Every structure is written in C-alpha cells, then in structure tokens.
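Chemist: Can you look at this prediction? I've put the sequence above it.
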Amino acid sequence: MITLTVNNKKINVDVDPDTPLLWVLREHLDLMGVKYGCGVAQCGACVVHLNGEAVRSCVTKISRAANQQVVTIEGLSEEGDHPVQKAWVELDVVQCGYCQAGQIMSAAVLLKENKNPTDADIDAAMAGNICRCGTYVRVRQAIKRAAEIQRNAK
Amino acid sequence: MANQKNTASPRRSFIKTSVLAGGGLMLNFTWLSSLAETSADGPIPTSWVELGGFIRITPENIIKILNPNPDFGQNVMTSLPMIVAEELDADWKKVVVEMAPHSTKLGPQFSGGSNSVRMYWKPLREAGATARYMLMQAAAQAWGVDVSEITTNASMLYHKKSGRSATYGSFATKAASLPVPKNVKLKDVNDFKIVGNSQLNVEGKKIVTGTPLFGMDYKHEGMLIAMIEHPPAFGMKLKSYDATEALKMPGIKTVFDLTLYPDGLEQAGFDTRTFNELLVVVGKSTWEVMQARKKLKIVWTPEGDRKDTMGGRGGKTVVVVPGALETTSKQFEKMKERAMQPAKLLRKDGDPESAFKNAAQIIERTYTAPFLAHNCMEPINFFAHVTADKALLVGPLQAPGWAIPIVSKVLKMPADKIEVQMTRMGGGFGRRAYAHYLAEAALISQKANAPIKLVYTREDDMTYGIYRPMYTATYRAALDANKNLIGFHVKGGGIPEHPIHADRFPAGAIDNYLAEGWEIPTNITIGAYRAPRSNFNAAAEQSFLDELAEVMGKDPIDFRLELLKRAKEKPVGKNNDYDAARYAGVLELLKVKSGWGKPENKKYFRGVAAYFCHNSYAAHVIDIAKKNGEPYVERVTSTVDCGIVINPDAATNMVQGAVVDGIGNAFYSGLTHIDGAGQQANFNKYRIIRIHEAPKKIDVFFVDNDIDPTGLGEPPFPPVIPAVANALYKLEGKRRYMQPFGVKLLNS
C-alpha cells in the first residue's frame, strides 16, 4: 500500500511500486486529464506537479510519489480558473486538446518561478511539451497573458 | 452505456431524459455534451423537444445542437453548430452542443478531406432555417396572425404589431407537431450574426480542466485493456508463441492470436490492413498488459507475397502485396531506377516533345521525400463491447460510415446491430479514417467475451502505421532563347503511389505540358495523410517554380501571377481543377500583407509558395533568420481563400497549426525502415517540431468573399514546405532536394 496526496486528498493505492504515476492517476484514481502520449518522457502530455515541480508521470514510479504531494490538471484550481487556464480559454489555444493539460501544467510551474517570462524563457520551459496540432504560437501568447492575469490579481 | 464519471460540471448528468416528438435519436450519452459559453448558469433542462435531426429545445429555452462530425482539432464541435444556430436565429450563449452518435439520418459524419463544413454547410443551414420557420408557424397559429409577421432574434419570437413575444422553448412542442416545410428561405449571408464572428471553442473549458473527452478516457463497467503484439517488420508474420510467462503476470486475463481479415475478404478503400495475424494480450490495466507483453516468447517468420481482395465499383480485384523486407536506402535507389523507365501518361497538352527538342535551355530537377507517420498525440485506441447479438464501439474515429461495414463483415453481424459513438480525437490527420483498429477491437471483445479497450502504445502507433507514401518527382522546363517557358514536364512516382495531380496548376497555364506517373508496390501500408499527394506535390512543384523564376530572371510571385493570368484568360486544355482568379487572389493579397519586396524585410531570407487543394487556396511567405547558427523560421505571413469563414479566430488557429506542422515536416520528420522494421518508434527518434522551433509570429489573412465555404484543415499545409525550401535556398545558396531539410534521415 502506497500513500500519497493527490489534489489535496490523501489516497492509498495498492499497486506494484514500479507502476508509473501516470497509470495510477488514470486507471486507479480516474483522473483522466493526465494523458499518455509516449511513455518515455518525450512529449510532456503526462506532466503533473510533484511537490510543486513539473514531472513526467509516465516515467515517475509511484514509489517516488509515496508520501508526496501530487497535483493534476483536475486539481490545478477549484473552478478551472488558474491564470493559465483562464488565458488558455481566452486565447482559444487548443485544437485537438490532447496535449493541453500537459502544456498547462508545465506553464503553471514556469509562471510560479518566473512572473514575467520572455519568449526565450517560455521556449526553454516548454520545449518538452509536443503539440502535434502546432498551437505553439498561441501557447506563448497565452503564457504571457496568464502572467498578466497573475500580476493583475495581486 | 457510458459509465463516465462526471466531476467537472454537474450539468452533464442532467441531460438524460428526452421527449422525442418525431421519434428517433435517444440522447442518453451525457458525457459528450458541451455547454457553449456562459449558459452554465441557466436553468436545468428537463426534457428536450426534437426539431429535425440536429436540434433539441427545452421549455426553458435551452437549445441543443447535435454536431454530426467528430472533432479532431478542426473545431467542428463549435463551427458546425454555429451554422445551425445562425439560421435558427438562436442565442448562441444558450446553446448546448452535443456530439451526435453515428446515425444514418445525420449524413456522412465524415471528418476528413477538409470536407466537414463544406459538406454540411447547406444541410445545417436548412436544418436551422426549417426549425426556425416551424417555430414561427407555431407562434403565428397561436397568436392568430400571419407567419410573415413573425420575426425572431436570439431564440425569441416576436409579433411587433401586437407587441407579443415568446421564447422558442414555449412553442417547441407545438412546432414539432407541424408538418415539416420544404424549401425554407435561407438567410442572406450579409445578415449573419454568429457565422463569421469568432466564438470560443465550446469544449475549451473542459479541455483546460482535464475533463474526460477522448477515446483513451472512455470507461465502461467491467472493461478490460487489450494490446496487440504486431510483427516487428513489414513482411513478417506470426509463426508461433509461448504465453506461459505472460499469463502468470499480475492482472492478465488471456492471450490469444487473432486473424484480422479472413482470406478473400473484400476490402473497401479504407479497410487497409497492415498486419493480418496479431497476438493479443488482455488484462485489467494498461501498465499490467504492457509488462506482460515483454514476457511473450514469439517467433516471427517472413510472410511472403500476400493477396488482398479489393472490392469496388468495377468488381473484385486481387492485388499481390510483395513480401520483401524493405530498406529505405534501397527503396530510394529503386525509385531512381524506376524514374528512368517509361511511365503512365496522365495528361498531355500541345506538343511537349517538340518543345523540349527545340528548347534553348532545359531545367531539370528532382525532389524526394520519405514516409511520414501521422503520430496523432492520442495513440490509436477504441472501445468495443460485442455480445451475441449486438456491438457497441466507442472511440476516436474520422469515418464511422466506412468503419461499420468492415466491422459488420469481420463480426458477421448486421450493420444495424452495430452502434458507433465518436469521442473527441487527439488528432487525426487521416490516420483515423482507417477502421482496422475498430475491427481489431471488435474481434478482441468477441473472442475475450468482455468489454475491452484496445490501446496502442506510441511504439505500436508509429510502427503499425498507414503512412504518407515515399514520393519523388522530376520536373523539367523547356525555355526558348528569350527565356520564355515553352514546355513543362512532370514525371512523378512513389512507393506505392505517385503524387501527381495532373490537372492542377501549372497545367492550364503552359501550351506544351506533359504529366506522367509511376508506382512501385510495397508491403508498407500507406494512406491519407493531411492533404494526400498535395503535401508532396506542392513541395516539389512550388520549389521548381522558384528555380524557374530565378533562371528566367523573374520575381517568384510575379512569375506565378503571369502563369495564372494565362490560365485565367486563355486556359490550356480541359479539366483544369482550380480557379485561376482565386489562386491569383491569395498571391496578390500575400504580396501586400507580407510586404513583399519592401526594404524593411531585407533582413530575412524569404520564401514564397502557393497551392490549391481541397477546393481552397493558400499561400505563405516564410521569413527565415538564423538562431544559434541554425536556420529558424521566425515569421510567417499566410493568405487563404476558403470562401466564407465560419469561425475566424479558430480558423486562424488551424492555419497557424498547419504552418507549424508544415515547418516541422519540412525540417525534421521522416520514417525509415531496415529489413521492414521501422527505425523510428517514438519521439526520441521521430522528430516532431517543438515550441522553440516554431515561429514567433504567424499572421493569417482570409480573402473576404461570399463564396460557400470550402476546405481549411488541409489546404494551408502543403505550400508551407516549398515556402520553407525557397527561403532556405536564399539563406544557404544551394537548393535542398531531399526532405526533411534539417536532419539526416539515413546514416548511410
């Protein structure tokens, strides 16, 4: 039995400790926002927060998350109103949408660490997230807009 | 039915009951519905009145519009309902959008070929207009006035003279009991209020909050996970296997081998089978099945030549699929040799032989490109629950109308016993028009006697593909002593199909024109990939036109415009499949919008290209600069003529995406094989463009006209690749003839 906190809820799961966090979230905890894209830490569709850091849950063993804090897209905000989520809706970033939870989770960490990221900062932080539809131009715009929303909220 | 957990919005679970006036569809798969914009605060719908196949209205005046076509990022979930709402004169803010299940009543429901809006434009306008008229009739009868005196606005009915007004909802039941009028007048396009004004994606909020929408997210009571072990190479098949160790692994239910199509099964065009004998592992969870697969002991053996029985209008034909294990470097050599041999005549105008014989100068260039894998972000998957007398299939799918016949054949079950529901798709690009994975899921469920979800890993998805073919084309131009273009010859080939659209520009613009094609068969399966054939044709042809313009001492845009002027004023030959005026239109607009020839743009290495496909016209100027010593597309200007634009901001997004996709393919993407085995199985080897490689800016401009909408998903994609090639040439001073331009695909 492994205990961890997911979206502020304490959870016990009975799985092989080598099971990736991704599959525990999706198939044991029904948190479908986190996506499988490659399984080898290449695409970023599976990004979640582990103690506030962006991690690729497809290569993060559940044993590593034991007694730690995990946040998924479902827990990023109460009402889906995190500045990044707001900016994403406002600028209509998504096309197919499959990669977007991962993009948003990566962007949220970037904005926590850098309140006013430049294009170069964004490119560096987001290079691990593939969008096959090619929404990158809007991802950059939305991150800047989210930074603005974040600044104005204070 | 769907057992989806509803956590984000309580609203979805309320849309359950349905009062059907005209019989027909049950609206009980609640997890797919979407509320547009702010209507989440509105009253809770309790019952729905059906007004035609696409429209439902509640007494509380909530309007639900069924979207017929599955959404793979082209945003039809928003744009198609917008068309209905426009003619219905509905209040868009109070519209609920729901993905329709497959139904023969709702038209082809095919997402592909840039056809969704084009195909549904008229039927959806008529659906909206007819329902509106019936509501007006109902009000007119109740108020005892003539229907011509009734007006509508934002889901409300008005009789101005008497000052009466009512909601659509209050008359919905009465309207549904009226006979359906024919030939209801449609709105004047100048009166549009919803169409042509940007509306946010109706599923935007759901996507950014992680709501389950995709096939991968679908759940069903008792559902097991199934995965397929396919041959490691094209040309191989299963010989024997030992599943003893795999069956001992935790969570594993069963392992069995499966034949996809029985011998002689008549295949339709999209029934492509890649591998026919598959090994299946079924278990409780995805991770457990993945682990068990590693414990399988499998012996594969060369398959030898195989026969495919193809159905079609001309009757059955048997096609021999060669058994050889193919290697890309050798395939390129084979293409070179084959290109020297005679080819099939596709089109001939005038006397090209004499033109080339009399030419003062002949320019000849050959362009080549590799296989491409679709690599939808959501790997191939599908849910199936097959019981003795019926089947339910749910998942990401572009073409339900093509999938059901093949599922019916393999299950030996009548088509009307097969229910298909389409989820949102994590990308499509043509890949999900092929239904083999539904047939696989259905057969696995039947054999395992359980509801299952078939899931491909990324590696499965990439190596069990239906790829963009390998293509090559040699272009020749004959110039006279004054550098006038007097002859044009294209000879294109590919594995296993040629790329040539013989009736397309510059056919029609040149007196002496010859197009030929040749093909080399292979067992590597190919199919539709965003703008089939055009995606290569444009790259080759538009590169060649640039080379020609340079030799002729002409500006590349002016040169194209000259050819188009000729094609418009005095077209050569018949069946030219493009409108020269619209084609010229995007180039003229591009010239202005890109600041072509303006000194302030001198700092960029600029490349231009244009193309027509899927009934629309697109052109781009690519501005390359150097970043860290590498060529980088910093800025792009795009112009598109796709007729009326339904949802401008979303359309802009899609063009921007096509530009990024085109740049990525031009620089990085390609799939190679050694002895039939795919050499790129995941994103560490198969390069997809990433954010730091994407332009800083992509400005998109649509030609403003009242022409009925034509395609948009595909047309902007093909001309990106030659625009990149043309800009790269400016930077490097030498032309690149082999895609991708930015990486070396073959080690040899």
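Modeler: Thanks, I have it.
Chemist: Please identify the residue of chain A positioned nearest to chain B.
Modeler: Nearest residue of chain A to chain B: residue A:33, at 1.9 Å (C-beta to the nearest C-beta). For the C-beta atoms, the positions are set from N, CA and C on the backbone; glycine is no exception.
Chemist: Now do the contacts for the spatially most central residue of chain A.
Modeler: The structure's chain A has its C-alpha centroid closest to residue A:105; by C-alpha atoms, centre = their mean the separation is 2.3 Å. Counting by C-beta atoms under 8 Å, 6 or more residues apart in numbering or on different chains, residue A:105 makes contact with A:47-49, A:54, A:72-73, A:76.
Chemist: what about it, helix or strand, and which?
Modeler: Applying DSSP states H and E as the criterion places residue A:105 in helix A:100-113.
Chemist: helices or strands up against the helix or strand that comes right after that helix?
Modeler: The helix or strand immediately downstream of helix A:100-113 is helix A:119-126, counting by DSSP H and E. For helix A:119-126, the contact count by 3 or more C-beta pairs under 8 Å, 6 or more residues apart in numbering or on different chains; DSSP states H and E identifies helix A:100-113, helix A:136-152 as packing neighbours.
Chemist: rewinding a little: and the gap between the residue nearest to the centre of chain A and residue B:485?
Modeler: From residue A:105 across to residue B:485, the span is 55 Å (C-beta to C-beta, to the nearest Å).
Chemist: can you map out the helices along the stretch 351-500 of chain B?
Modeler: In the stretch 351-500 of chain B, the helices defined using DSSP state H, counting those that start in this stretch lie at B:352-357, B:400-411, B:436-448, B:458-463.
Chemist: Out of the ones you listed, which is closest to residue B:492?
Modeler: Among the helices of the stretch 351-500 of chain B, the nearest to residue B:492 by C-beta to C-beta is helix B:352-357 (15.3 Å).
Chemist: Need the residues that contact that closest one.
Modeler: Residues outside helix B:352-357 that contact it (C-beta under 8 Å, 6+ apart) are B:362, B:476, B:478, B:486-489, B:511-514.
Chemist: same deal with stretch A:53-60?
Modeler: Here stretch A:53-60 has contacts from A:20-22, A:25, A:34, A:36-41, A:44, A:46-50, A:105-106, A:109, A:128, using C-beta under 8 Å, 6+ apart.
Chemist: so where's the stretch 551-700 of chain B uncertain?
Modeler: Low-confidence segments of the stretch 551-700 of chain B (pLDDT under 70): none present.
Chemist: picking up where we left off before, now, of the helices of the stretch 351-500 of chain B, which is deepest in the fold?
Modeler: Most buried of the helices of the stretch 351-500 of chain B by mean neighbour count (mean count of other C-beta atoms under 10 Å in any protein chain shown) is helix B:436-448; its value is a mean of 24.
Chemist: related to what we said a few turns ago, identify each buried residue in the helix holding residue A:105, please.
Modeler: By 16 or more other C-beta atoms under 10 Å in any protein chain shown, the buried positions in helix A:100-113 come out as A:100-111.
Chemist: Closest one of these to residue B:195?
Modeler: Closest approach to residue B:195 among those (C-beta to C-beta): residue A:100, at 26.1 Å.
Chemist: rewinding a little: which among the contacts of helix B:352-357 end up buried?
Modeler: Buried, going by 16+ other C-beta under 10 Å: B:476, B:478, B:486-489, B:511-514, out of the contacts of helix B:352-357.
Chemist: Of these, which belong to strands?
Modeler: If you go by DSSP state E, the buried ones among the contacts of helix B:352-357 have B:476, B:478, B:486-489, B:513-514 in strands.
Chemist: so what's whatever residue of chain B ends up closest to chain A up against?
Modeler: At 1.9 Å from chain A, residue B:210 is the closest residue in chain B, using C-beta to the nearest C-beta. Residue B:210 makes contact with A:31-34, A:72-74, A:101, B:8 under the criterion C-beta under 8 Å, 6+ apart.
Chemist: go on, residue B:609?
Modeler: Applying C-beta under 8 Å, 6+ apart, the residues near residue B:609 are B:538, B:542-543, B:546, B:619-620, B:719-723, B:725-726.
Chemist: Let's have these in CSV, adding secondary structure, neighbour count and distance to chain A.
Modeler: Shown next, in CSV, are the contacts of residue B:609 (DSSP: H, G, I helix; E, B strand; the rest coil; neighbours: other C-beta atoms under 10 Å in any protein chain shown; distance: C-beta to the nearest C-beta, whole Å):
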residue, secondary structure, neighbour count, distance to chain A
B:538, helix, 29, 17
B:542, helix, 28, 20
B:543, helix, 27, 22
B:546, helix, 24, 24
B:619, strand, 32, 18
B:620, strand, 36, 14
B:719, coil, 32, 15
B:720, helix, 32, 10
B:721, helix, 32, 14
B:722, helix, 29, 18
B:723, helix, 35, 15
B:725, helix, 26, 19
B:726, helix, 27, 20
